[in-house]
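# When you get a sec, could you give me coordinates for this:
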Amino acid sequence: MLTWFLHYSKLYAGYVQLMVGMATTIQIRPATRERLASLKSSPRETYDDLLNKLLALVPRGDDEGPYTDAFRIGLLNARLDVRAGRVSAHAAIKKRMGL
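Model (predicted):
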């Protein structure tokens, strides 16, 4: 009985250690979850895999070197601004200013 208990305890401790280092919980709205689920390439794909694929779309750097996290966030926000129509073309601004 003691041998079984020790064996089980080691297995359980290993499982807990694995799960602590690997899993976490994030809060998202149901609509966001549905949008993420629609992007999964298969039902078995994990949300972790999906989120890492999405994060890979934000470049880490270029020929001159790696980007800082602040620059990467700014780049992502700028792309979202363009997509939402919150930016104007340089030529349009010049025209408005009469230049």
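# how many other residues sit next to Glu45?
Around Glu45 there are 13 other residues, counting by other C-beta atoms under 10 Å. Backbone N, C-alpha and C define where each C-beta goes, glycine included.
# Before we move on, what's the pLDDT of it?
Note for Glu45: predicted pLDDT of 94.
# Then it would be within a strand, right?
No: counting by DSSP: H, G, I helix; E, B strand; the rest coil, Glu45 is not part of a strand but coil.
# Tabulate the CA atom coordinates of stretch 77-87 in PDB.
Extracted as PDB, the C-alpha positions of stretch 77-87 are listed here (Å, rounded to 0.1, in the frame of the first residue of the first chain):
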ATOM      1  CA  ASN A  77      -1.700  49.800 -33.100                       C
ATOM      2  CA  ALA A  78      -0.700  51.700 -36.300                       C
ATOM      3  CA  ARG A  79      -2.000  48.800 -38.500                       C
ATOM      4  CA  LEU A  80      -5.200  48.800 -36.500                       C
ATOM      5  CA  ASP A  81      -5.600  52.600 -37.000                       C
ATOM      6  CA  VAL A  82      -5.100  52.200 -40.800                       C
ATOM      7  CA  ARG A  83      -7.600  49.400 -40.900                       C
ATOM      8  CA  ALA A  84     -10.200  51.400 -38.900                       C
ATOM      9  CA  GLY A  85      -9.700  54.500 -41.200                       C
ATOM     10  CA  ARG A  86      -8.200  56.600 -38.500                       C
ATOM     11  CA  VAL A  87      -5.300  57.800 -40.600                       C
END
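# pLDDT averaged over that stretch, what's the number?
91.
# Show me this structure divided up by domain.
The chain breaks down into these domains under automatic domain parsing: 1-44, 58-99.
# Lowest mean pLDDT across the ones you listed, which one is that?
domain 1-44 - the lowest mean pLDDT of the domains of the chain, at a mean of 76.
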